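Student: Provide a 3D model corresponding to the input given below.
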Amino acid sequence: MRSGRLDERGVVLPSPVVMLSVVAVAMASVAFVATRGGEPTEREVVTPTAQTQPSATPTPTDKPSKPTPPPIKRGKTYVEVYNNSGITGLAGRVATRATEAGWKVVGTDNWYGSVPTSTVYYPKRLKAEAELLALDLGIERTARAVDPMRLDRLTVVLTGELR
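Tutor: All right, here's what the predicted structure looks like:
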């Protein structure tokens with residue numbers, strides 16, 4: 001039988017803080033072992049100085065240059081010019097400028113809609129041509145063509161006089 005005394009023996013469980021600390025140390029150890037020994041991801045880049053002469057023979061580290069895109073032939077690209085302003089004859093004047101720069105203007109008309117500023121719209125394959133036409137005309141904005149624009153040509157929508 002038992003005496004009237006209570007037994008003070010029992011199981012003492014570690015506190016949650018101690019358990020979390022043990023788990024954190026174990027995870028840090030696994031991460032350390034898994035990531036050690038790899039090459040550093042950053043590399044020092046050395047640029048040649050003016051005194052360094054490039055070698056005439058390519059080295060294995062030389063990468064082939066990107067092929068240069070073919071030159072843009074303005075006369076092979078169709079352009080339509082639309083007036084979205086209240087200025088009479090604006091599309092015709094800009095079309096003349098584009099033709100004089102070598103572009104193949106195939107039409108002029110009025111544009112009905114809302115355009116924030118004069119823009120050269122282009123289908124995906126004519127992006128470089130659109131940028132050149134915008135440069136030729138002094139238009140700062142280019143954008144992808146939207147419906148109802150045709151996808152075989154550039155579309156210029158004017159909102160005011162060009163410089």
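Student: report pLDDT for residue 113.
Tutor: Looking at residue 113, its pLDDT is 89.
Student: leaving out sequence neighbours, find the closest residue to it.
Tutor: Using C-beta to C-beta, 6 or more residues apart in numbering and skipping the chain neighbours, the partner closest in space to residue 113 is residue 84 (7.0 Å). To be clear about C-beta, it is placed using only N, CA and C from the backbone, and glycine gets the same treatment.
Student: distance of that neighbour from residue 112?
Tutor: 8 Å (C-beta to C-beta, to the nearest Å).
Student: okay, now the unreliable bits of the protein?
Tutor: 1-14, 34-64 (pLDDT under 70).
Student: got the contact list for residue 155?
Tutor: 79-80, 82, 120-122, 145, 149 (C-beta atoms under 8 Å, 6 or more residues apart in numbering).
Student: that's a strand at it, yeah?
Tutor: Yes: using DSSP: H, G, I helix; E, B strand; the rest coil, the assignment for residue 155 is a strand.
Student: beta partners for it?
Tutor: residue 80, residue 121 (DSSP bridges).
Student: about what we covered before: which one of the contacts of residue 155 sits closest to residue 28?
Tutor: Ranked by distance to residue 28 (C-beta to C-beta), the contacts of residue 155 are led by residue 122 at 54.4 Å.
Student: with just CA atoms, put the lengthiest helix in the chain into CSV.
Tutor: Secondary structure of the chain read by DSSP state H shows that its longest helix is helix 16-35. Provided in CSV are the C-alpha atoms of helix 16-35 (Å, rounded to 0.1, in the frame of the first residue of the first chain):
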residue,chain,number,x,y,z
PRO,A,16,8.3,24.9,-26.4
VAL,A,17,11.1,27.4,-26.7
VAL,A,18,13.7,24.7,-26.1
MET,A,19,12.0,22.5,-28.7
LEU,A,20,11.9,25.2,-31.3
SER,A,21,15.5,26.0,-30.7
VAL,A,22,16.6,22.4,-31.2
VAL,A,23,14.5,22.3,-34.5
ALA,A,24,16.0,25.6,-35.7
VAL,A,25,19.6,24.4,-35.0
ALA,A,26,18.9,21.2,-36.9
MET,A,27,17.5,23.0,-39.9
ALA,A,28,20.4,25.4,-40.0
SER,A,29,22.8,22.5,-39.9
VAL,A,30,21.0,20.8,-42.8
ALA,A,31,21.1,24.1,-44.8
PHE,A,32,24.8,24.6,-44.1
VAL,A,33,25.7,21.1,-45.3
ALA,A,34,23.5,21.3,-48.4
THR,A,35,24.9,24.6,-49.6
